[in-house]
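Chemist: Show me the folded form of this:
(one chain, ligands or ions: 1)
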Amino acid sequence: MIKTTTHYNERLYKALSQIHHIETPQLISVTEQMATANPFRFYQAGKAYQGERVYWTSTDQVFTLVGIGSAYTLEAEEDRFNTIQQAWKALMEEAVIDNPYESSGTGPVALGGFSFDPHDHSRTAWEDFPDSKVSIPMFLLTKTESANYITVNIMVHPEDDIEDIYQFVTQAYQEFLEGGTSIDEMPSIIGKEEIQPLEWKDIVKQAAHDIQSGYMSKVVLARELEVNFDRDVNIVSVLDALQREQQQSYVFAVESGDSCFIGATPERLVKVDNRELHSACLAGTIARGDTVEEDQALGEELLHDNKNLQEHDFVVQMIREAVESCCDQVQIPSEPVIYPLRNLQHLYTPVKAKLRVGYTILEVVEKLHPTPALNGYPRQEALSYIREHEPFDRGWYASPVGWFDYKDNGEFAVAIRSGLVKKNKTVLYSGCGIVEDSMPEAEYEETAIKFLPMLNALGGRT
Ligand SMILES: C=C(O[C@@H]1C=C(C(=O)O)C=C[C@H]1O)C(=O)O
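Modeler: The predicted structure follows:
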């Protein structure tokens, strides 16, 4: 499929030769443009690196990153965004980077994510996913609208022999670039169980009551659906289905240990490209109609529904505040529009601004997460409420998942419409915003629809 060139090998060798008498490990990163590339085959070909693969594609599905293996992994518990940023900065200062291309997402790139709430440590299903984890892949495919790139990243240690490294990398590179196989069939579902649906409705009822009594203004409550299969789930098949079925969504998979966190989310947390910042307020939901007329009528209803407008407005207020604290030229329309998806439609307000010099994308992620779209309002009251009342650990569900590069460009989505796959078992997550006049049955129905993107892709319903 893809061929390395002699020229590329020479550049790799030259980069390695620049390493002399190092005292600490040093990153080497060499990027090459490719004529063609198939992201799914690349992912599949990296099977030997299972547990260390990442897939990411943007909502317009023209920008894709696939990471195989890990040259270096950054993890932090305390002050997690800042600790990772500092470690990244130190690593980049010493790195040998050979990247003649301008394209964002080439060269050294870190991919990964963060947990929803680092203070919630029940962690039952999430033992493979720490509070923060980003990895620099050994092999990174970057596919843009107009070009494909491969970056090889290697961590060289003081005791390493560069000849050995050169042999290993050039061989591994060739082997797995050529080795992609076709996409396997999905296994069959043998069991599907909603976790405590009646109890969940009781919690929603209680939350609406607590909001009426003035404890907080909004809280987002989620529930789980467990799906079991006759064989292990094939991640590429699910990615393929999500990508075909869920337009206007980020499609992602992050493998860690024996688990894979996967989904198709419509929600952007933040994108930074050359200091141009984009964020999004996405909250307020209604079903799709069966006919064009019914669909438009539902959209109109949503645009004028006070409960949904209120849910949405908490998100706009908070995002505005966060973005204004680190950006200039903040542009936020005064009214939301409809964001249509295959299974439902949302209220959507785009946010555009110029990130001030000195701020990094991780600092913006820290300011924004968790937005009231996934948490509630005010932030601390809603977080405490979720900790106390949701009977499971959210892990990375509803959290920032994405990437950033050495030029401080990057993008993070909010990982909803997602599930945690572990061998032949998957737990799906779905939540919705509760305000003072929320009705448990309607919220239950809304969360049932939000399971559909993942359920369809897993073969549960078409
Ligand atoms: C929490 C989820 O979705 C969020 C909640 C929404 C709502 O309450 O209307 C809409 C979009 C998302 O911000 C989810 O899909 O799990």
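Chemist: distance between the ends of stretch 407-424?
Modeler: Stretch 407-424 stretches 39 Å from its first residue to its last (C-alpha to C-alpha, to the nearest Å).
Chemist: near the ligand at all, that stretch?
Modeler: Yes: applying C-beta under 6 Å from any ligand atom, one finds stretch 407-424 touching the ligand at 416-417. The C-beta positions use only the backbone N, C-alpha and C, and glycine is treated the same way.
Chemist: OK, contacts around Leu344?
Modeler: Applying C-beta atoms under 8 Å, 6 or more residues apart in numbering, we find Leu344 in contact with 285-288, 446, 449-450.
Chemist: gap between it and Pro336?
Modeler: Using C-beta to C-beta, to the nearest Å, Leu344 is found at 15 Å from Pro336.
Chemist: Check Leu269 too.
Modeler: 17 Å.
Chemist: Look at these two and report which has more neighbours.
Modeler: A count of neighbours by other C-beta atoms under 10 Å puts Leu269 above the other of Leu269 and Pro336, at 27 against 23.
Chemist: nearest spatial neighbour of Thr170, skipping sequence neighbours?
Modeler: Asn9 (5.7 Å; C-beta to C-beta, 6 or more residues apart in numbering).
Chemist: On the three-state scheme, the one you found is what?
Modeler: helix (DSSP: H, G, I helix; E, B strand; the rest coil).
Chemist: confidence score at Phe116?
Modeler: Listed pLDDT for Phe116 reads 97.
Chemist: quick one: it and the ligand, what's the gap?
Modeler: Going from Phe116 to the ligand by C-beta to the nearest ligand atom, to the nearest Å gives 11 Å.
Chemist: Helix or strand: which one has that residue?
Modeler: Phe116 is part of no helix or strand when elements are defined by DSSP states H and E.
Chemist: quick one, what contacts it?
Modeler: 370, 374, 394-399.
Chemist: Now with 7 Å, please.
Modeler: 370, 394, 396-399 (C-beta atoms under 7 Å, 6 or more residues apart in numbering).
Chemist: Go ahead and report the secondary structure state at the residue nearest to it when sequence neighbours are not counted.
Modeler: Of all residues not flanking Phe116 in the chain, Arg394 sits nearest, at 4.0 Å (C-beta to C-beta, 6+ apart). At Arg394, secondary structure determined by three-state DSSP is coil.
Chemist: Could you do Trp403 as well?
Modeler: Classified using three-state DSSP, Trp403 is strand.
Chemist: got the contact list for it?
Modeler: Here Trp403 is in contact with 56, 65, 105, 109-111, 410-411 (C-beta under 7 Å, 6+ apart).
Chemist: Distance-wise, check it relative to Leu65.
Modeler: 6 Å.
Chemist: Which neighbours do the two have in common?
Modeler: Contacts common to Trp403 and Leu65, judged by C-beta under 7 Å, 6+ apart, are 56, 105, 109, 111.
Chemist: out of those residues, who's near the ligand?
Modeler: Of the shared contacts of Trp403 and Leu65, not one also sits near the ligand (C-beta under 6 Å from any ligand atom).
Chemist: Turn these into a markdown table, columns for neighbour count and pLDDT.
Modeler: A markdown table is the format used below for those (neighbours: other C-beta atoms under 10 Å; pLDDT from 0 to 100):
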| residue | neighbour count | pLDDT |
| --- | --- | --- |
| Trp56 | 24 | 98 |
| Gly105 | 26 | 98 |
| Val109 | 28 | 98 |
| Leu111 | 27 | 98 |
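Chemist: which of these lies closest to the ligand?
Modeler: Trp56 (18.6 Å; C-beta to the nearest ligand atom).
Chemist: give me the number of residues near Ser188?
Modeler: 9.
Chemist: Where do the helices of the stretch 351-462 of the chain begin and end?
Modeler: Secondary structure of the stretch 351-462 of the chain by DSSP state H, counting those that start in this stretch: the helices cover 361-368, 379-389, 440-457.
Chemist: cool, the chain as well?
Modeler: 6-17, 39-45, 80-94, 162-178, 197-212, 235-245, 292-303, 306-324, 361-368, 379-389, 440-457 (DSSP state H).
Chemist: name the helices or strands packed onto the shortest one?
Modeler: Applying 3 or more C-beta pairs under 7 Å, 6 or more residues apart in numbering; DSSP states H and E, one finds that helix 39-45 contacts strand 64-68, strand 139-143, helix 235-245.
Chemist: mean confidence for that helix?
Modeler: 91.
Chemist: Please name the nearest non-neighbouring residue to Trp56.
Modeler: Leu65 is the one closest to Trp56 (C-beta to C-beta, 6+ apart), at 4.5 Å.
Chemist: How about the residue nearest to the spatial centre of the chain: which residues does it bridge to?
Modeler: In the chain, the centroid-proximal residue (C-alpha atoms, centre = their mean) is Val401; its distance is 2.8 Å. Beta-bridge partners recorded for Val401 (DSSP bridges): Gly113, Ala413.
Chemist: residue contacts, it?
Modeler: 113, 252, 254, 412-413, 415.
Chemist: Please apply the same query to Val272.
Modeler: 355, 361, 408-410.
Chemist: how about the nearest residue to it, chain neighbours excluded?
Modeler: Val272 sits nearest to Ile361 (C-beta to C-beta, 6+ apart), 4.6 Å away.
Chemist: give me the number of residues near that neighbour?
Modeler: Neighbours of Ile361 (other C-beta under 10 Å): 26.
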